[in-house]
Structures are given as structure tokens and as C-alpha cells.
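Student: Mind looking at a prediction? Sequence and model below.
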Amino acid sequence: MQVDVLETTGVINVTDSAGEMVKNLLISKNVPDYGLRVFVSGGGCSGLQYGMALEAEARPYDHVIAKEGYKIFIDPTSMMYLNEATIDYQDSIMGGGFKIENPNAAASCGCGTSFKPKDGADATAAAGCGSCASASA
């Protein structure tokens with residue numbers, strides 16, 4: 001079956017630490033040929049939230065970022081919100097995780113998992129989630 005994918009490079013920036021973590025994750029889960037799906041969905045305390053999942057292959061019309069040792073899949077709708085974003089992986093005493101620096105976000109939740117897009121909406125209306133509201137106070 002032929003799957004139409006949009007081969008993309010340079011639209012999403014992936015730091016070296018994030019790339020290494022994706023490769024390590026694929027190896028540790030014993031799925032080295034899979035890719036990391038990065039997506040945006042409705043929800044979260046700021047209106048939209050980021051999500052990630054491991055998937056075997058790209059879906060029709062996905063943007064595919066292929067680097068040495070890993071692939072990232074992004075659906076066209078999510079790409080509208082993630083264009084020119086940077087995916088990073090940070091490890092700290094309080095816990096590590098993937099972090100998305102998104103130039104398309106007018107406001108972000110303090111924990112970084114949700115955001116309000118730059119679409120003319122009131123950026124000051126973004127609320128904090130339970131875990132980050134106390135941390136930012």
C-alpha cells in the first residue's frame with residue numbers, strides 16, 4: 001500500500017539531547033524501526049496540549065523528519081501549531097522530559113505541556129494547571 005507522506009526537514013528543530021533520547025527510547029522499547037509521533041490536541045489548561053507516542057509508520061500526509069537513528073511523525077493539523085518549534089529533552093533533579101519551545105504559542109502553561117496559540121485569542125486568559133500554578137507562585 002502506498003502511503004503519501006510529506007518528507008520534511010528543518011520545519012521542526014530537534015536538539016541533540018532530544019534525538020539521543022528518542023533513539024534510546026526506541027532501543028529500550030525494542031522497536032528501533034518505529035518513530036516518535038508528536039501531536040497537538042485540544043485540552044490542557046491553556047487550550048491545546050502536546051502529546052507524543054511511538055508508532056510503527058507514518059500515516060498518510062504526515063510530515064516526516066528523518067534523522068540518523070530515528071524518525072518523527074507530525075500530522076498536518078499539528079504541524080500548523082508546531083512549525084519552527086524546537087523539541088528538546090531536559091534532565092533535572094525534579095525529573096526529565098521532552099520540552100517543546102514553540103514560537104507559535106501566545107502563552108504556555110507553567111509546566112509546558114499546554115499552550116494557547118497565536119491566533120488573536122487573549123493570551124492573558126491562559127490559566128495554570130494544578131501542578132504548575134503553585135510552582136509559578
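Tutor: Alright, I've got the coordinates.

Student: Now do the contacts for Leu54.
Tutor: 25-26, 29, 31, 34-37 (CB atoms under 8 Å, 6 or more residues apart in numbering). Every residue, glycine included, has its C-beta placed from N, CA and C.

Student: sec struct for it, please.
Tutor: Assigned with DSSP: H, G, I helix; E, B strand; the rest coil, Leu54 falls in the strand class.

Student: Let's have the contacts of Leu54 in TSV, adding secondary structure and distance to Ile65.
Tutor: Output for the contacts of Leu54, formatted as TSV (DSSP: H, G, I helix; E, B strand; the rest coil; distance: CB to CB, whole Å):
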residue	secondary structure	distance to Ile65
Leu25	helix	16
Leu26	helix	14
Lys29	coil	19
Val31	coil	17
Tyr34	coil	14
Gly35	strand	9
Leu36	strand	9
Arg37	strand	11
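
Student: And the buried ones among these, selectable in PyMOL?
Tutor: The following PyMOL line selects those of these that are buried, judged by 16 or more other CB atoms under 10 Å:
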select buried, resi 25+26+34+35+36+37
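
Student: Max pairwise distance over the contacts of Leu54: which two?
Tutor: Across the contacts of Leu54, no pair lies farther apart than Lys29 and Arg37, at 13.6 Å, counting by CB to CB.
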